[in-house]
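K.L.:
fold the following for me, if possible:
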Amino acid sequence: DEFQARAACLVLVTLITASRDDPALHRQVMEAASGGGREEEARFLDQCEKLNKSSENLLAAYMSACTEVAVASLTGAGRGPEKLVQLERRMQHLQEMNAKMKAQLRVQHTAMCRMVSFVKIESDPVVEQALDGIVRFGWDSLHWKRGYNMLHYVAECVEDPAVVELVGLLAT
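P.N.:
From the prediction side, this is the model:
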């Protein structure tokens, strides 16, 4: 379960980051993933923050395997067919892992989108309304004037540290 949760976070961060240039794809990615209850959401967001850098490691490993396969197929004799088969298996394994993490991410995001309607922040309705957009479409979907954002707002105006922490975890 721990590995699956970490893998889902890794894929979530990677997909969200990669889809930002295409608004339609970004919206689809944000609508496709899901999460559990309030405690699970907090744990999930915490893990995602910790694993943000891990997405770069997975992509680097994947690119490394692809590069090694390409070099091995071009040079042929230097590495032997066994090494080429081994690299192809490694690349296939990474692709399968990526597909599984994407599927898990979609499930997690769908649950988070449905769960956000149960989050009530009685002390500040502005934050409550903004959370829906942030969870569904990502932090960058909300546009504030002059570089001001929700994190600035909660740091200045919200007294509940749990609300400030939640918004901080959702910030990119």
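K.L.:
residue 144 touches residue 150, doesn't it?
P.N.:
Yes - with contact defined as Cβ atoms under 8 Å, residue 144 reaches residue 150; the gap is 7.4 Å. (Glycine included, C-beta is placed from N, CA and C.)
K.L.:
more neighbours: these two, which one.
P.N.:
Applying other Cβ atoms under 10 Å to residue 144 and residue 150 shows that residue 150 carries more neighbours, namely 21 against 12.
K.L.:
check contacts around that one.
P.N.:
Residue 150 makes contact with 127, 130, 134, 139, 142, 144, 167, 171, according to Cβ atoms under 8 Å, 6 or more residues apart in numbering.
K.L.:
quick check, nearest of the residues you listed to residue 159?
P.N.:
Checking those against residue 159 with Cβ to Cβ, the nearest one is residue 127 at 11.7 Å.
K.L.:
thought that closest one was touching residue 121?
P.N.:
Yes - in terms of Cβ under 8 Å, residue 127 counts as a neighbour of residue 121; the distance is 5.0 Å.
K.L.:
the helices in this structure, which residues?
P.N.:
With DSSP state H as the definition, the chain shows helices at residue ranges 2-18, 23-32, 38-51, 54-75, 80-115, 125-137, 150-157, 161-170.
K.L.:
of the ones you listed, which shows the lowest average pLDDT?
P.N.:
Looking at the helices of the chain, the lowest mean pLDDT belongs to helix 38-51 (a mean of 54).
K.L.:
that older thread, what touches both of residue 127 and residue 121?
P.N.:
Between them, residue 127 and residue 121 share these contacting residues under Cβ under 8 Å, 6+ apart: residue 163.
K.L.:
returning to that earlier point: of the contacts of residue 150, closest to residue 88?
P.N.:
Each of the contacts of residue 150 was scored against residue 88 by Cβ to Cβ, and residue 139 proved nearest at 38.1 Å.
K.L.:
residue contacts, that closest one?
P.N.:
149, 150, 170, 171, 172.
K.L.:
want to throw those residues into a markdown table with distance to residue 71?
P.N.:
What follows is those, written out as a markdown table (distance: Cβ to Cβ, whole Å):
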| residue | distance to residue 71 |
| --- | --- |
| 149 | 44 |
| 150 | 46 |
| 170 | 41 |
| 171 | 40 |
| 172 | 35 |
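K.L.:
which of those count as buried?
P.N.:
For the contacts of residue 139, a burial check counting by 16 or more other Cβ atoms under 10 Å picks out 149, 150, 170.
K.L.:
does the last one really touch residue 137, like I thought?
P.N.:
This points to residue 170. No - Residue 170 is not in contact with residue 137 according to Cβ under 8 Å; the separation is 11.5 Å.
K.L.:
quick check: residue 64 vs residue 131, distance?
P.N.:
Residue 64 sits 38 Å away from residue 131, going by Cβ to Cβ, to the nearest Å.
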